[in-house]
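Chemist: Here's a sequence, model it:
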Amino acid sequence: MNKEDKIFVAGHNGMVGSAIVRELNSKGYSNLLIADRSQLDLRNQNSVTTFFQDHQPDYVFLAAAKVGGIQANNLFRAEFLYDNLAIELNVIQSAYRFGVKKLFFLGSSCIYPKQAPQPLKEEYLLSGYLEETNEPYAIAKIAGIKLCEAYRDQYGCNFISAMPTNLYGPNDNYHPEHSHVLPALLRKFHEAKVNSYPFVEVWGTGMPRREFLHVDDLANACVFLMENYNEKQFLNIGFGEDISIAELAKMIKEITEYPGDIRFNTSKPDGTARKLLDSGRIQSLKWKAKIELKNGIHSTYQNFLQGLEQHILSSR
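Modeler: Sure thing, here's the model as predicted:
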């Protein structure tokens, strides 16, 4: 990419998209195309076609998606499948149709089979059954990978894909029911501290293990790959270590300085037992995550406190 190239960041208001915008700006890329949902509904084919026709972007980061935690995935299964498929179909087709030089599609580690060996290697894709609780979202993300591969095979498009592990950081969704586990716990422990609740309830047994990557590390990887990687094979992007949900809850309890107890509600689902990515391929390209989990959660909590009123209003 050249500094003057037009770069469309789809989903720039989200946690990932906003981090990519920050990373691009820090590297001197200033010719960025962004559009709010009120200006551009990525699920609407005509709107996306018109946007690409009018603006003619050179590069595209496809970071837009409908996302959420276990409960949101279960409650809104049709929306998670339809919305994400529609976004991918419209943006990828328009990128091909209007001659985008390169497109970067951002997927998710949930694409892998529930019982796949750990750590998860890229070649495990489609080798078994998916986790039921997030199957619609996973299917949509798998479709996005395959779309990029198919457009490359048939039309020669330089469309690449990467699958990040669980993310956290500034501009996350802190809805108490529909967010991912780390931001949900941050909010729970903060509110328990403020309201002097005697305990915080954590869903499941606490035994599942998860890998967490700060979104600023992810954004750095996305720009790195856009600048340096041009292969068909999608890549995992992870931190390289995992932690149990129980250990995560204890860490957040300490960071928020909550004095009460932690109780696990075993009637709630655990989800996949473990999700740790094998990030050997991207590390072989000389990229590695830098932000340690405890430091990352601490800075994320400070960011949460700064936007506390907005977080509360957005979840009502």
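Chemist: Can you tell me the centre-most residue of the protein?
Modeler: For the chain, the residue nearest the mean C-alpha position is residue 167 (5.7 Å; Cα atoms, centre = their mean).
Chemist: which residues does that one contact?
Modeler: 15-16, 180, 212-215, 218 (Cβ atoms under 8 Å, 6 or more residues apart in numbering). For every residue, glycine as well, the C-beta is placed using N, CA and C.
Chemist: All the strands of the stretch 201-316 of the chain, residue numbers only.
Modeler: 209-210, 212-214, 235-237, 243-244, 261-265, 274-275 (DSSP state E, counting those that start in this stretch).
Chemist: So which of those is nearest residue 199?
Modeler: For these, the distance to residue 199 is smallest for strand 261-265, at 4.1 Å, taking Cβ to Cβ.
Chemist: and the nearest residue to residue 229 once chain neighbours are set aside, backbone torsions?
Modeler: Using Cβ to Cβ, 6 or more residues apart in numbering and skipping the chain neighbours, the partner closest in space to residue 229 is residue 160 (5.9 Å). Backbone torsions of residue 160, given as degrees, to the nearest 10, read phi -120, psi 160.
Chemist: Residue 160: neighbour count?
Modeler: 23 (other Cβ atoms under 10 Å).
Chemist: Provide the partner residues of it in its beta bridges.
Modeler: Bridge pairing for residue 160 (DSSP bridges) gives the partners residue 104.
Chemist: Please shift the residue numbers so they start at 20 in all later answers.
Modeler: Taking 20 as the first residue, the last one we looked at is residue 179.
Chemist: shouldn't it be in contact with residue 125?
Modeler: No. Counting by Cβ atoms under 8 Å, residue 179 stays clear of residue 125, with 10.2 Å between them.
Chemist: coming back round to it: contacting residues for the residue nearest to residue 248?
Modeler: So residue 179 contacts 121-124, 167, 244-245, 248-251, 253 (Cβ under 8 Å, 6+ apart).
Chemist: mind redoing it with 10 Å?
Modeler: Residues in contact with residue 179 (Cβ atoms under 10 Å, 6 or more residues apart in numbering) are 121-124, 164, 167-168, 171, 241, 244-245, 248-254.
Chemist: hmm, back to that, right, and the strands of the stretch 220-335 of the chain - which one's nearest residue 137?
Modeler: strand 293-294 (5.3 Å).
Chemist: Strand partners (parallel or antiparallel) of that closest one?
Modeler: strand 228-229 (parallel).
Chemist: Contacts for the strand it pairs with next, please.
Modeler: Contacts of strand 228-229 (Cβ under 10 Å, 6+ apart): 128, 137, 184-185, 199-201, 260-267, 290-295.
Chemist: Got a quick ChimeraX command for the buried subset of the residues you listed?
Modeler: Those of the contacts of strand 228-229 that count as buried under 16 or more other Cβ atoms under 10 Å are selected in ChimeraX with:
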select :128,137,184,185,199,200,201,261,262,264,265,267,290,291,294,295
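Chemist: In helices, which of the contacts of strand 228-229 appear?
Modeler: Among those, the ones falling in helices (DSSP state H) are 200-201, 264-267.
Chemist: what's the most distant pair in the residues you listed?
Modeler: 201 and 265 (13.5 Å).
Chemist: thinking again about what came up before, residues that sit against both of residue 179 and residue 125, list them.
Modeler: Common neighbours of residue 179 and residue 125 (Cβ under 10 Å, 6+ apart) are residue 241.
Chemist: circling back: please identify which of the strands of the stretch 220-335 of the chain is closest to residue 25.
Modeler: strand 254-256 (24.7 Å).
Chemist: Check which helices and strands the closest one is in contact with.
Modeler: strand 178-183, helix 234-247, helix 299-302 (3 or more Cβ pairs under 10 Å, 6 or more residues apart in numbering; DSSP states H and E).
Chemist: could you dump these to a markdown table with distance to residue 326 and mean pLDDT?
Modeler: Converted to a markdown table, the helices and strands packed on strand 254-256 look like this (distance: least, Cβ to Cβ, whole Å; pLDDT from 0 to 100):
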| stretch | distance to residue 326 | mean pLDDT |
| --- | --- | --- |
| strand 178-183 | 23 | 98 |
| helix 234-247 | 15 | 98 |
| helix 299-302 | 31 | 98 |
